[in-house]
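Trainee: Predicted model and sequence below, questions to follow.
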Amino acid sequence: MTPVPDTAPASAQDSPDDVLAVRNLEVAVGGRKLVEDVDFTIRAGERVGLIGESGSGKSLTALSIMGLLPEDLRTTGSVRLAGVDHDLVGADETRMSRVRGKEIAMVFQEPMTALNPTMRVGRQIAEVLLIHRTRPDRASARAAAVELLAQVGLPDPEAAAHAYPHQFSGGQRQRVVLAIALANDPALLVCDEPTTALDVTVQARVLDLIVRGVEDRRSAMLFITHDLAVVATVCERVMVMYGGRVVESGPVREVFTRPRHRYTQGLIGASDLSVVDDRGRLITIGGSVPPAGHFPAGCVFRNRCDSASESCATRPDWRPTGPDSGYACFHPVPENGAHRTGVPMNQEAGRA
Ligand SMILES: Nc1ncnc2c1ncn2[C@@H]1O[C@H](COP(=O)(O)OP(=O)(O)O)[C@@H](O)[C@H]1O
Ligand SMILES: [Mg+2]
């Protein structure tokens, strides 16, 4: 059993608008907690970012929601999805396979992990439509597959449907993966660094297709990235993860312009190439992310934090600042503190 989440982010009451409700999620291996006290809600059509340095527990969070963790990792807590009458935590593979690719779909960093190298891509898309009975027969599934390939911007969708994954570029493969993920109009799309492995020139285009794909379907999205500028473009709300915990969350614009947690402040400083320290060096967060299970007790960030004091040896309570926002820090950045952000905010960011 996990403890009562008195330090977990406060969420609004469960409502019919909730697509995903994660409560007190914990992932552990051999007694070491890799993810702890994770608690959040995603509402219909909402796009929520999950950011943090490598090793913070972002991918484990996504994989535990999808029921895709290796067997030696133990997940506890609760993951509820609208329209699914059972908890996803502890659900057996038969039940999960009915949900995955239907109500909830995922795009990973590396497209080949999601594709079958020996099957034509049109057939791979048709399969997910047939398995979940979205299309009644092979002919209509095939036609829908070609239509999906057109939607993700592949120039000759008929020819693309006949091709094998290796015949595509990395960016095109990720579009195929997106077509498969969107095929059954999932209520929630989970993306884990979907453009990180792609050439910078194609990243923006693929991001655009992802956003358009979820907007057209009114799907909600959990979007994982280490790139703050991408979150600012894509998401309305953001959760900041460190040491397997959500340390801050809130509307993108608020969190990026007025971070409260010292870790968030550090991340923003580290993303800002226009700000240098008094010796002219780029600002980075001091120290490095400890291996899982080796974060300090109390505040997980305290061994890297300039503001840490004795009190930080105790775990900081979650301090709510709104229904979906708050932070867990004893020495928050003053609310009216003079600081700037290097995260490029465009007009799209944070629209609610
Ligand atoms: N199967 C596993 N067994 C043990 N530790 C793991 C396993 N998978 C991931 N970890 C550890 O859990 C931590 C969080 O990993 P991950 O969720 O992949 O981080 P992120 O996606 O934020 O970079 C890392 O320290 C990683 O080494
Ligand atoms: Mg990851």
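Mentor: Yes, it's here. Ligands and ions are numbered 1, 2, ... in the order given.
Trainee: The residue located most distally from the centre of the chain in helix, strand or coil?
Mentor: Computed with Cα atoms, centre = their mean, the residue of the chain farthest from its C-alpha average is Arg279, at 35.4 Å. Following DSSP: H, G, I helix; E, B strand; the rest coil, Arg279 is assigned to coil.
Trainee: Phi first, then psi, for it.
Mentor: In terms of degrees, to the nearest 10, the main-chain angles of Arg279 are phi -110, psi 10.
Trainee: Tell me how far it lies from Ser288.
Mentor: 20 Å (Cβ to Cβ, to the nearest Å). For every residue, glycine as well, the C-beta is placed using N, CA and C.
Trainee: got the domain boundaries for this protein?
Mentor: As given by automatic domain parsing, the domain ranges for the chain are 18-235, 259-327.
Trainee: Pick out the shakiest of those, pLDDT-wise.
Mentor: Among the domains of the chain, domain 259-327 carries the lowest mean pLDDT, at a mean of 90.
Trainee: quick one: it near ligand 1?
Mentor: Yes. Using Cβ under 6 Å from any ligand atom, domain 259-327 reaches ligand 1 at Pro291, Ala292.
Trainee: What segments of this protein are strands?
Mentor: Applying DSSP state E to the chain gives strands spanning 18-29, 32-43, 47-51, 74-81, 104-107, 188-192, 220-224, 237-242, 245-251, 319-322, 325-327.
Trainee: export these to a markdown table and tack on mean neighbour count?
Mentor: Formatted as a markdown table, those follow (neighbours: other Cβ atoms under 10 Å):
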| stretch | mean neighbour count |
| --- | --- |
| strand 18-29 | 21 |
| strand 32-43 | 22 |
| strand 47-51 | 26 |
| strand 74-81 | 19 |
| strand 104-107 | 25 |
| strand 188-192 | 24 |
| strand 220-224 | 26 |
| strand 237-242 | 26 |
| strand 245-251 | 27 |
| strand 319-322 | 16 |
| strand 325-327 | 23 |
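Trainee: Quick check: which of those is nearest to Leu273?
Mentor: Smallest distance to Leu273 across the strands of the chain (Cβ to Cβ): 17.1 Å, for strand 47-51.
Trainee: tell me which strands and helices the closest one is in contact with?
Mentor: Applying 3 or more Cβ pairs under 8 Å, 6 or more residues apart in numbering; DSSP states H and E, one finds that strand 47-51 makes contact with helix 58-66, strand 220-224, helix 228-234, strand 237-242.
Trainee: Let's see that with 7 Å instead.
Mentor: strand 220-224, helix 228-234, strand 237-242 (3 or more Cβ pairs under 7 Å, 6 or more residues apart in numbering; DSSP states H and E).
Trainee: The first one pairs with which strands?
Mentor: It refers to strand 220-224. strand 47-51 (parallel), strand 188-192 (parallel) (DSSP bridges).
Trainee: anything in that strand near ligand 1?
Mentor: No. Judged by Cβ under 6 Å from any ligand atom, strand 220-224 stays clear of ligand 1, getting no closer than 6.9 Å.
Trainee: So which bits of the stretch 1-150 of the chain are right by ligand 1?
Mentor: Val29, Leu34, Gly52, Ser54, Gly55, Ser56, Gly57, Lys58, Ser59, Leu60, Pro70, Leu73.
Trainee: Tell me the spacing between the nearest residue to Ser56 once chain neighbours are set aside and Arg32.
Mentor: Once flanking residues are discounted, Ser56 sits nearest to Met241: 4.5 Å by Cβ to Cβ, 6 or more residues apart in numbering. Using Cβ to Cβ, we find Met241 at a distance of 17 Å from Arg32.
Trainee: circling back: quick one: the helices and strands packed on strand 47-51 as JSON lines, columns for distance to Val252 too.
Mentor: Listed next are the helices and strands packed on strand 47-51 as JSON lines, based on distance: least, Cβ to Cβ, whole Å:
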{"stretch": "strand 220-224", "distance to Val252": "11"}
{"stretch": "helix 228-234", "distance to Val252": "6"}
{"stretch": "strand 237-242", "distance to Val252": "5"}
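Trainee: now the helices for the stretch 101-250 of the chain?
Mentor: Taking DSSP state H, counting those that start in this stretch as the test, the helices found in the stretch 101-250 of the chain are 121-131, 138-151, 157-162, 170-182, 200-217, 228-234.
Trainee: how about these, which one is nearest Ala82?
Mentor: It's helix 200-217; of those, that one is closest to Ala82 (Cβ to Cβ) at 14.1 Å.
Trainee: quick one: contacts for Arg302?
Mentor: Going by Cβ atoms under 7 Å, 6 or more residues apart in numbering, Arg302 touches Pro296, Ala308, Cys312.
Trainee: try 8 Å
Mentor: If a contact means Cβ atoms under 8 Å, 6 or more residues apart in numbering, then Arg302 has Pro296, Ala308, Cys312, Ala313 as its contacts.
Trainee: so what's the second one up against?
Mentor: This points to Ala308. Taking Cβ under 8 Å, 6+ apart, we find Ala308 in contact with Cys299, Phe301, Arg302, His331.
Trainee: Then the third one?
Mentor: Each residue near Cys312 by Cβ under 8 Å, 6+ apart is listed here: Gly298, Cys299, Arg302, Cys305, Phe330, His331.
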